[in-house]
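**Q** Based on what follows, work out the 3D shape:
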Amino acid sequence: MTVDQISVFVQNRSGQLGDVTAVLRKNSINIRAMSLADTSDFGVLRLMVDDTEKAAAALRAAGFTVGITPVLAVEVEDRPGGLAALLELLAQQAINVEYLYGYTQRQSHAATLIFRSDRMADTERLFMENGYTVLSPEMLG
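**A** Numbers count the residues shown, from 1 in each chain. Purely as a prediction, here's the structure:
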């Protein structure tokens, strides 16, 4: 089961990240995880938030270009080698990771990784068959 991630295209200039977070604050939207990748002209801010649709609407209304992308959120033991074992499974099936980022939750002994791959259904099946917990939107909090 996938969860929705927001991608926001921002200009690579001072204040843009603050502008995005100000819109989210104004609309009482909580950021769960984020990743920022940039080029010389623009950046892609990827966000996991507590209300995807509300966040996307608010950001669009503020003039940002926003996309919603299905990703997998998977729990991995928060210990040395936890990620390595998961990535070995993907490599054995020749599944390419397009990007990933992670975060830990205070009440958990696991890290949550957000994955986008070139074969999402196969990736989800592989994770579940190997005992990993793939999180639903509700499980993300």
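
**Q** Name the SS class of residue 79, please.
**A** coil (DSSP: H, G, I helix; E, B strand; the rest coil).

**Q** again with residue 94
**A** Looking at residue 94 with three-state DSSP, the answer is coil.

**Q** Compute the distance between it and residue 25, please.
**A** 42 Å (CB to CB, to the nearest Å). Every residue, glycine included, has its C-beta placed from N, CA and C.

**Q** neighbours around residue 121, how many?
**A** Using other CB atoms under 10 Å, residue 121 has 10 other residues around it.

**Q** Distance-wise, check it relative to residue 101.
**A** From residue 121 to residue 101 the distance is 21 Å (CB to CB).

**Q** Okay, domains of this protein per the record?
**A** 3-69, 71-140 (automatic domain parsing).

**Q** Would you convert these into JSON lines that also reports mean pLDDT?
**A** Converted to JSON lines, those look like this (pLDDT from 0 to 100):
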{"stretch": "domain 3-69", "mean pLDDT": "93"}
{"stretch": "domain 71-140", "mean pLDDT": "88"}
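
**Q** Need the residues that contact stretch 74-82.
**A** Identification of contacts with stretch 74-82 by CB atoms under 8 Å, 6 or more residues apart in numbering yields 83, 86, 102, 104, 108-113, 115, 127, 132-135.
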